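**Student:** give me the fold of what follows.
(one chain, ligands or ions: 3)
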Amino acid sequence: MTTRNRLLVKGGKVVNADRSFDADVYIEDGIISQVGKNLTVPGGTRTIDASGKIVMPGGIDTHTHMQLPYMGTCAIDDFYTGTKAALAGGTTMIIDFALPFKGESPIDGFNKWKNWADPKVCCDYALHVAVSWWSQKVSDEMEELVTKHGVNSFKLYMAYKDLLMVGDLEMYETCKRSQEIGAIVLCHAENGEIIDQESKKLVKLGITGPEGHAMSRPEEVEAAATAHICMIANQLNCPLYIVHVMSKSSAKVIIEARNRGNVVYGEPIAAGLGTDGTNYWHKCWRHAAGHVMGPPLRPDPTTPEYLMRLLAGGQLECTGTDNCTFSTHQKALGKDDFTQIPNGINGVEDRMSVIWEKGVAKGILDENRFVAVTSTNAAKIFNMYPQKGVIAPGSDADIVVWDPNATRTISAKTHHQAVDFNIFEGMVCHGVTVCTISRGKVVYEDGRFTVSAGDGKYVPRKPFSNYVYDRVLKRREALKPVPVEREPYTGAVYKRKEEKPAPPASVNMHHTTSISSAGQHIESKLSPRAQNTSTKVLAPPGGRSQIQF
Ligand code: URP
Ligand code: ZN
Ligand code: ZN
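**Tutor:** Ligands and ions are numbered 1, 2, ... in the order given. Model prediction:
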């Protein structure tokens, strides 16, 4: 007879996205077995006392970059410290990003990230995969990632020129392919060309501090890019998810697109909900640089509450963190030039507390909406529901026992992340993790960890999430183009004069031609003129030796 791993969470209030109710939760072998009152459980079952506490699904952080290689350095929180810290904050799953560079096989990129994560993760995780170039191989491998590797989300970058940034044709092809194979497209909506030019301009003007980072990327740039990718995705009826919605303007673009019927979701992050861009003007360089991320936090201090209200109203659906941490000595790579400051901030540990404090404690979100935006909606969009994101029989026992009345003060001195700075320093938050349970095992309790590197599991995700694709598939039928039935034209037809070949152009505004990994170029579909003039080798045959953001 095998010994079963049994746990009873007793006397708490279960809070799901749809309702709250008093109930005990009985767990066997990592799965929630019963939810109800006066449960009969086998002798020897360990009991966790949750009286006076909330028992809710563990958080799902939709957006992290653990140990990301970046600008000659590497994010300091790796898959071990980052996921351990997540558990302390009540998050039991992260979705990180595999970022294959231009010319690299997407599957190789995915495997590289998975090999980094598997031996280190303390909580469950999944991977979004970036599309940074286009070819038949990329298209084929996207399908293989979906069917064989459990990936159902692909990321496009409209920033990081020459590195990850893609042009219109690549975005178009990625959206086209994604909706064929049941995936969702994620987008970092900025404009790498404009950012590049504006940054150079500011440095020339002597603006070399972190405030230059914010000045070079005003919110109209984010909003215009958001509108642009919404337009492209909508041509293909491709579901779209805008990561790190940082501004009112960008959120408004998403609301308008949703009102027009586009299938588009928006993800604000803990940083954008908990603090603002006035920090870039702080007199202390370390403090200002510690907030540098892209798109930047916005100087308008009413932005965080505005975004929180959209989460409350359902116009925005999920919350992530973009956790990508660099300690002060790493940020100092840009001490004389803001363009050299590695972009990234913390959040994976504090997201739940910050959203509770700024949302629930302020009466903007109710506790059920809190659960919706911190776990359930993510589970639905990325097709993990009801395995994740709900406390119900049959679901994974990823649970946080949460004390809504306790407070804690966030500080880099006491947090569990490796980074030496915390953008929420000094914030007093109601809402404290008492105990975190991951797949039925207590992994964090009263400030102590009982988890080892590698205890987390990769969570494969199926394509065609109902939550997303139900509407996409109906729209596919409803929006099918229909030709007009008419009698053929039988009159005279003008005879064209012989065309001269187009003269060579010096500048091509839409760089859309891409190359395969073997260096053969794939013809642009935009115009014959673009084909003649825009061929550019983006990566050498064999690719680059490492990611250089
Ligand atoms: O500043 C940020 N966001 N760093 C991480 C890279 C990205 O943009 O995803
Ligand atoms: Zn990004
Ligand atoms: Zn990111």
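
**Student:** and for residue 54, the neighbour number?
**Tutor:** 22 (other CB atoms under 10 Å). All C-beta atoms are positioned from the backbone trio N, CA, C, and that covers glycine.

**Student:** quick one, longest helix in the protein?
**Tutor:** Longest helix in the chain by number of residues (criterion: DSSP state H): helix 219-235.

**Student:** go through it and flag the buried ones.
**Tutor:** Residues of helix 219-235 classed as buried under the neighbour-count rule (16 or more other CB atoms under 10 Å) are 219, 221-230, 232-234.

**Student:** only alpha carbons, please: show that helix as PDB.
**Tutor:** C-alpha atoms of helix 219-235 as PDB (Å, rounded to 0.1, in the frame of the first residue of the first chain):
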ATOM      1  CA  GLU A 219       3.300  57.200 -23.300                       C
ATOM      2  CA  GLU A 220       2.100  58.200 -26.800                       C
ATOM      3  CA  VAL A 221       4.700  55.900 -28.200                       C
ATOM      4  CA  GLU A 222       3.300  53.000 -26.100                       C
ATOM      5  CA  ALA A 223      -0.200  53.900 -27.100                       C
ATOM      6  CA  ALA A 224       0.600  54.200 -30.800                       C
ATOM      7  CA  ALA A 225       2.400  50.800 -30.800                       C
ATOM      8  CA  THR A 226      -0.500  49.200 -28.900                       C
ATOM      9  CA  ALA A 227      -3.000  50.500 -31.600                       C
ATOM     10  CA  HIS A 228      -0.700  49.200 -34.300                       C
ATOM     11  CA  ILE A 229      -0.400  45.600 -33.100                       C
ATOM     12  CA  CYS A 230      -4.200  45.600 -32.300                       C
ATOM     13  CA  MET A 231      -4.800  46.600 -35.900                       C
ATOM     14  CA  ILE A 232      -2.500  43.800 -37.200                       C
ATOM     15  CA  ALA A 233      -3.900  41.100 -35.000                       C
ATOM     16  CA  ASN A 234      -7.400  42.100 -35.900                       C
ATOM     17  CA  GLN A 235      -6.700  41.600 -39.600                       C
END
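
**Student:** how distant is it from the center of its chain?
**Tutor:** Centroid displacement of helix 219-235 relative to its chain, using CA atoms, centre = their mean, to the nearest Å, is 17 Å.

**Student:** which parts of the stretch 201-350 of the chain are strands?
**Tutor:** For the stretch 201-350 of the chain, the strands defined by DSSP state E, counting those that start in this stretch cover 240-242, 264-266.

**Student:** the ones you listed into a markdown table, with extra columns for mean pLDDT and mean neighbour count?
**Tutor:** Compiled in a markdown table, these are given as follows (pLDDT from 0 to 100; neighbours: other CB atoms under 10 Å):
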| stretch | mean pLDDT | mean neighbour count |
| --- | --- | --- |
| strand 240-242 | 99 | 26 |
| strand 264-266 | 98 | 25 |
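
**Student:** grab the nearest non-local neighbour of the residue sitting nearest the centre point of the chain.
**Tutor:** A centroid search over the chain (CA atoms, centre = their mean) returns residue 63, at 3.2 Å, as the residue closest to the centre. Nearest-residue entry for residue 63: residue 320, 3.0 Å, with adjacent residues in sequence omitted and distances by CB to CB, 6 or more residues apart in numbering.

**Student:** interface residues of this protein facing ligand 1?
**Tutor:** Applying CB under 6 Å from any ligand atom, we find that the chain lies next to ligand 1 at 65, 188, 293-294, 322, 324, 343-344.

**Student:** let's go with 5 Å and repeat that
**Tutor:** Counting by CB under 5 Å from any ligand atom, the chain comes close to ligand 1 at 293-294, 322, 324, 343-344.

**Student:** tabulate the residues you listed in CSV, adding columns for pLDDT.
**Tutor:** As requested, the residues of the chain next to ligand 1 are arranged in CSV below (pLDDT from 0 to 100):
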residue, pLDDT
293, 98
294, 97
322, 98
324, 98
343, 97
344, 98
